[in-house]
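Asks: Quick one: sequence and predicted model below, then my questions.
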2 protein chains.
Amino acid sequence: MQALSPTDSAFLWMETRNQPMHVAGLNIFTPPPGSGPDYVAKLLADWRTHAQAVAPFNLRPVLRMGLWYWEEDKEFELDYHLRHLALPQPGRIRELLALVSRLHGNLLDRNRPLWETYVIEGLPGGRFAIYGKIHHALVDGVTGARMAANSMCLDDKERKAPTWALPFSQHPTGRRKKAAPGLLEQLSNVAKAGREILPGIGSGLWDIVRAGYAEGATALPFQAPPTPFNVEISGSRRFASQSYSLSRFKQIGQAAGATVNDVTLAICAGALREYLMTHATLPKKPLVAMVPVSLHGETDAGGNQVSLLLASLATHIADPLKRLQQIVASTTEAKERLTKMPRLQKMAHGITSISPIGAGMVTGTSEKHPLFNLVISNVPGPRDTLYLNGARLDEVYPVSIPTHYLALNITISGYGDNLGFGYIACRRSVPTLQRMLDYTQNAIAELEGALGLGAEVATATDSPVALRKKDTATKSKSTAPAKKVALAKAPSKAKPRKQ
Amino acid sequence: MQALSPTDSAFLWMETRNQPMHVAGLNIFTPPPGSGPDYVAKLLADWRTHAQAVAPFNLRPVLRMGLWYWEEDKEFELDYHLRHLALPQPGRIRELLALVSRLHGNLLDRNRPLWETYVIEGLPGGRFAIYGKIHHALVDGVTGARMAANSMCLDDKERKAPTWALPFSQHPTGRRKKAAPGLLEQLSNVAKAGREILPGIGSGLWDIVRAGYAEGATALPFQAPPTPFNVEISGSRRFASQSYSLSRFKQIGQAAGATVNDVTLAICAGALREYLMTHATLPKKPLVAMVPVSLHGETDAGGNQVSLLLASLATHIADPLKRLQQIVASTTEAKERLTKMPRLQKMAHGITSISPIGAGMVTGTSEKHPLFNLVISNVPGPRDTLYLNGARLDEVYPVSIPTHYLALNITISGYGDNLGFGYIACRRSVPTLQRMLDYTQNAIAELEGALGLGAEVATATDSPVALRKKDTATKSKSTAPAKKVALAKAPSKAKPRKQ
């Protein structure tokens, strides 16, 4: 039996029916050309032959003397974890999002290893989806997504064992002898080494963080305005997702002198502004987003060594370009501040980003004085086209965790030329979340218009990949996701899908 | 706001992730002849026009000063409660039972009215199923089933509003001004009237019950043996169900001089004996079943005025006829005892049967000294063929509640000539529950063989209705469920379906 780190344990302690603590990913696939309608059934039949799970997929939590441990589930039953489902006709993306919304609202069973994988058939054009759910106490979302990607292949002829049967040493995280230590553990190790003093969890830790903001910050802690997103949440969820072309974001960035991350934040800001205006709840002060950043290069697999930026989303500014400029100023300043911080401070800083509950743990984020309004994560993903059992991976969407006082989460996952936006929210606090997809589309068009990119760039129509039942005649012959975005000569009139 | 009765509140207080307190029903339908593949989608489109719910379907629980109240959900969202799903191909009953097993293990969201209705398409032959789930704090299983039946019609041309939109006054329970008082409330009212003294909940109440068993009972409290069914349960479920012909049970009863209820108990006993023998856990002492009985005739809708029998299942006896005779002796004695009891005692007696948590509340049922081993309920249902929006109701299955120390529940629902057996259990404590369907089939055949009914009666093959993809050529021309059981000249070799 292996004891959980304090951070991992916190995900179990803080979990309630209203606040489940699992992360998930939604991947959409096209079966290989010429495969029959029983392709998915055959895939499942093959997967069921891998009836044994390896760590961490065979571990369940047990409580002993007030501490959580992982122990092997001796009665592991694959049929419980691996689930076959179908969309009702007409099997639109609307039906898929409705299904994922429901699945994400259900608690895992703690008597068993904390994961469930749903293989969902019946999407348009014979496509299928996999919704994989795993408890944050077991792995964080980034690691989970990497493990999923690692069970796929670069070659459509290659085959690998399913994720739960793939030895951990073959996962990208496998270079570490055991699971990556949580941030708290890392901090604790640093402190034990005597190099710096760990002031403990709570306000003491927060003091370190706050020191970084002593003066002149654009986005200062405790200056985020109250919004409908910063309330206690209920147990039901709404998920909305759509993919956009990374090239399009890059062109906006080049024209405006901003990074892709800044453009992404600006597009989220535009969508949030429209959402809040529609609901007559746009605050006079700008929303503040918490943006996790890695302390390493993206090539390093140590995904747990992260810190955070607090960025102003400039939602009080009507002009889209000025809003983007304000966001660039805010993140530039925050990055400079981060660069100057000593390493421990960066990591203590990061405690609030390691987990969605971090902020509450450290600062007691509340309705009237939110530390920030929402988390926006931009997670790099695989750049090459991946295949699962010969089926091509088309779209990748992260499904993260809303928590009390952080009712909305936006996580964006890169894959080839796709940026997959995953909006997940408490269904009661954030009504009509699916409209955010329209607002996102509008925010992109608005920025392009302001930059005069409308005529040249908007021709790279972001007709959402998921909407297209088959590749159009104008598509590139390459099968790389980057080329799958349909090209059109005129600005798109395609409506984003609605849930 | 209306306060919940203490009994109803108990279902909320005692609910945990491992012990959800909802009941459900699984109904299987055949669409009207000539209806297209979009029949279910059209039904849902029609139902979605009934966007408002009437009480109790619009009520959510709120906790105020330590007491539970019902309040109207002002933001009632039908799309959350009404859910459209499909079975993956090949859409066998196996896939349906796997789906229901999973759905029944998920907690309802207490921020909303405590019910969910799943319309599931993709069954063989174009059939569809409705799994309806409602919290026991709102209605008990019997009332829930009656409400569902009442939203159907005797005529395939007639149409009614869906259950949640049908005014409560139009429900069979509508003759009462308000929801029927819980048994505790009834007891309390009796006591207040000064006619008899209510000794309170707990051991005092149990003293009244025990007095009925002062001497000579075949099934005495605290004499039930420990079994694998009397353990703490986990949060996952397995559901298994199958229909048998009531006529067949009646013929066994006539030949053996037993009631249909006794035959049903004997068949459950035979199945349980085989299950426990297979797992090498058959106790030397006979299992004791708790059997709810109504204090009124079946025609009275006051379904909450129930008492109970504790019946020996004679599982220690190998001979099926002797086992049946022993069960008849046990229930006869228990009924005589019940008849002699004063009314209050009957009802106090019944406190343990009003709810699956009753026994634990009153006696502290435990692993080593279970009061009884499982609950077996036989619920009368509609005798005539029912139609929903023109679709014929073929099969009806109850899905009840396993609880700590009562990991298995068997509830049987009558419909026409069908007896729908619903086995629901903790998936971990009661492994391979689906085999119980084979064992039930074996128990019927065994009794028929012992009574020499093999040649004549067993020809009424209980090839399960759900297995037949279409009616066979030998079927009767009537559409009444009673006639839908396929007739064959030779004893059946049909295998029961497996999950």
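Replies: Great, that's in hand. Numbering: from 1, shown residues only, chains lettered A, B, ... in the order given.

Asks: Low-confidence bits of chain A, can you list those?
Replies: Counting by pLDDT under 70, chain A shows low-confidence ranges at A:168-222, A:294-306, A:341-368, A:454-499.

Asks: Could you list the residues of it in contact with chain B?
Replies: Where chain A comes near chain B, counting by CB under 8 Å from any CB of the partner chain, the residues are A:17-18, A:37-38, A:40-41, A:75, A:77, A:79-80, A:83-90, A:95, A:98-99, A:102, A:105-107, A:109-112, A:121-122, A:234-236, A:427-428, A:431. All C-beta spots, glycine's among them, are computed from the backbone N, C-alpha and C.

Asks: The residue of the stretch 301-450 of chain A found nearest chain B sits in which helix or strand?
Replies: Proximity to chain B, evaluated over the stretch 301-450 of chain A using CB to the nearest CB, is greatest for A:R428 at 6.0 Å. Assessed by DSSP states H and E, A:R428 sits outside every helix and strand.

Asks: likewise A:A334?
Replies: In this structure, A:A334 is located in helix A:320-340 according to DSSP H and E.

Asks: could you say which helix or strand contains the residue nearest the centre of chain A?
Replies: In chain A, the residue lying closest to the centroid (CA atoms, centre = their mean) is A:T411, at 3.4 Å. Counting by DSSP H and E, the element that carries A:T411 is strand A:408-415.

Asks: ok, and the closest non-adjacent residue to the residue of the stretch 201-350 of chain A found nearest chain B?
Replies: With CB to the nearest CB as the measure, the residue in the stretch 201-350 of chain A that lies nearest chain B is A:S234; the distance is 3.6 Å. With CB to CB, 6 or more residues apart in numbering or on different chains as the criterion, A:S234 has its nearest non-adjacent residue at 3.6 Å, and that residue is B:N111.

Asks: Give me the subset of the residues of chain A next to chain B that lies in strands.
Replies: Counting by DSSP state E, the part of these found in strands is A:R83, A:H84, A:L85, A:A86, A:E121.

Asks: Check the burial of the nearest residue to A:M152 once chain neighbours are set aside by counting its neighbours.
Replies: Taking CB to CB, 6+ apart as the measure, A:M152 lies nearest to A:L386, with 4.0 Å between them; neighbours along the chain are not counted. A:L386 sits with 26 neighbouring residues when counted by other CB atoms under 10 Å in any protein chain shown.

Asks: again, but for the one 4 residues further on
Replies: Other residues within reach of A:G390, judged by other CB under 10 Å, total 18.

Asks: Grab the nearest non-local neighbour of it.
Replies: Closest residue to A:G390 apart from its sequence neighbours, by CB to CB, 6+ apart: A:P32 at 4.0 Å.

Asks: I'd guessed that neighbour sits against A:L388; true?
Replies: No. Taking CB atoms under 8 Å as the contact criterion, A:P32 and A:L388 are not neighbours in contact, 10.2 Å apart.

Asks: Between those two, tell me which one has more neighbours.
Replies: In this view A:P32 and A:L388 are compared by other CB under 10 Å, and A:L388 has more residues nearby, 22 against 14.

Asks: wait, the more buried one sits on A:L154?
Replies: No. A:L388 lies out of contact with A:L154 (CB under 8 Å); the separation is 11.4 Å.

Asks: before we move on, the earlier item: double-check the residue of the stretch 301-450 of chain A closest to chain B against A:S236; I have them as touching.
Replies: Yes. Contact criterion CB under 8 Å: A:R428 and A:S236 qualify, at 6.3 Å.

Asks: Number of residues surrounding the closest residue in space to A:A129 that isn't next to it in sequence?
Replies: Nearest residue to A:A129, sequence neighbours excluded (CB to CB, 6+ apart): A:I120, at 4.5 Å. Around A:I120 there are 26 other residues, counting by other CB under 10 Å.

Asks: just A:G34 next, same as before
Replies: Applying other CB under 10 Å, we find 6 other residues in the vicinity of A:G34.

Asks: Assumed it was part of a helix.
Replies: No. Secondary structure of A:G34, determined by DSSP: H, G, I helix; E, B strand; the rest coil: coil, with no helix assignment.

Asks: all helices of the stretch 1-150 of chain A, in order?
Replies: A:6-13, A:39-48, A:78-81, A:93-104, A:141-150 (DSSP state H, counting those that start in this stretch).

Asks: Stretch A:156-167: how far from the chain's middle?
Replies: Going by CA atoms, centre = their mean, to the nearest Å, the spacing between the C-alpha centre of stretch A:156-167 and its chain's C-alpha centre is 23 Å.

Asks: actually stretch A:245-258, sorry about that
Replies: Relative to the mean C-alpha coordinate of its chain, stretch A:245-258 is positioned 21 Å out (CA atoms, centre = their mean).

Asks: what does stretch A:404-417 give?
Replies: Average the C-alpha atoms of stretch A:404-417, do the same for its chain, and the two points are 4 Å apart (CA atoms, centre = their mean).

Asks: Look at that stretch and report the distance between its end residues.
Replies: The first and final residues of stretch A:404-417 sit 34 Å from each other (CA to CA, to the nearest Å).

Asks: pretty sure A:I317 is in contact with A:A329, am I right?
Replies: No. Applying CB under 8 Å, one finds A:I317 not in contact with A:A329, separated by 11.6 Å.

Asks: Between these two, which is the more surrounded one?
Replies: Regarding A:I317 and A:A329, a neighbour count based on other CB under 10 Å identifies A:I317 as having more, with 18 against 15.

Asks: pretty sure that one belongs to a helix, no?
Replies: No. The assignment for A:I317 (three-state DSSP) gives coil, which keeps it out of a helix.

Asks: returning to that earlier point: list just the one of the helices of the stretch 1-150 of chain A that sits closest to A:E448.
Replies: Nearest to A:E448 among those is helix A:93-104; the distance by CB to CB comes to 24.0 Å.

Asks: I'd like to know which elements the closest one is packed against.
Replies: The elements that helix A:93-104 packs onto, with contact taken as 3 or more CB pairs under 8 Å, 6 or more residues apart in numbering or on different chains; DSSP states H and E, are strand A:22-30, strand A:115-121, strand A:128-135, strand A:237-245, strand B:82-86.
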